[in-house]
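# Only the shape, not the letters, is given here:
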């Protein structure tokens, strides 16, 4: 009896179940009972289980570093599926005005016939093409399911610009068009001077209102800010226009020609820089 009491006294009591685990077990039991009593309860239980499994799976994949591989695989699967459905490039249509060689465009493209249509990087392609000579603006479009359309708006020759002994073709913004031939554009007006190119459009617009003068102009010489000389009559006459009002000086010149036929006289310099005074010289000088 003494030994049995001793053994009984030496037995340690079992630890009670964790209250958190017990609470979770009770909640799960309650949900199961609720699900067995109603359809709504069953649906809630089913959704809770699925959601829990999704969360556990996501974190397991994230911790294991498998998410990038899964994303890549799903993208490749989507890509292959669309390509098999016809979304692969079969035609690249280039629309231009003819100054930009189509071969030059195709050489810089990052895609070709047979490639996946949605691999075409629209913005990058436009930037590359716009870097070519003669190109002003580019529009690249994907035409579903299998075409890429490249529409090019070309820069238009506006004038010739002479500076430091070199002549170049410029557009209306005064920017040089690289690759443009001067000999093929000799019919354009010539603007001379450092800042003549960027100011060419402004005086050209004004002189169009004076067609009699415009028809005789050989070149425009930019002297300083808002100051132009115009060379006329095959280089034999130089007209010094007003710094204050360009239109007024051109109106005065047109009036003088209408009344006295001044542009047909052998006059080297016609100085219109002063509003109230006209100066004439038979010999041209470099004075501006």
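Great, that's in hand. Keep in mind it's a predicted model, so treat the numbers as computed, not measured.

# Every contact and neighbour count from this point should use C-alpha atoms.
Will do.

# and the residue most central in space within the chain, how far is that from residue 152?
In the chain, the residue lying closest to the centroid (C-alpha atoms, centre = their mean) is residue 127, at 6.0 Å. As judged by C-alpha to C-alpha, to the nearest Å, residue 127 and residue 152 stand 12 Å apart.

# now do residue 77
Taking C-alpha to C-alpha, one finds residue 77 at 35 Å from residue 152.

# Also residue 234?
In terms of C-alpha to C-alpha, residue 234 sits 38 Å off from residue 152.

# Please say which of these two ends up with more neighbours.
More crowded of residue 234 and residue 152, by other C-alpha atoms under 10 Å: residue 152, with 22 against 10.

# Surely that one is in a strand?
Yes - the assignment for residue 152 by DSSP: H, G, I helix; E, B strand; the rest coil puts it in a strand.

# Test my guess that it contacts residue 137.
Yes - here residue 152 reaches residue 137: they are 6.1 Å apart, a contact under C-alpha atoms under 8 Å.

# For the stretch 101-250 of the chain, just list every one of the strands.
135-143, 147-154, 159-163, 166-170, 190-192, 217-224, 227-232, 237-240 (DSSP state E, counting those that start in this stretch).

# For residue 259, find the nearest of these.
strand 237-240 (17.3 Å; C-alpha to C-alpha).

# Report the rounded mean pLDDT for that closest one.
Average pLDDT, strand 237-240: 94.

# Can you list the strands that that strand pairs with?
Strand pairing for strand 237-240, using DSSP bridges, gives strand 227-232 (antiparallel), strand 269-271 (parallel).

# what's next to that strand, contact-wise?
Strand 237-240 is contacted from outside by 228-232, 266-273, 284, 288, using C-alpha atoms under 8 Å, 6 or more residues apart in numbering.

# rewinding a little: let me know which of the strands of the stretch 101-250 of the chain is the nearest to residue 115.
Proximity to residue 115 (C-alpha to C-alpha) singles out strand 147-154 among the strands of the stretch 101-250 of the chain, at 10.6 Å.
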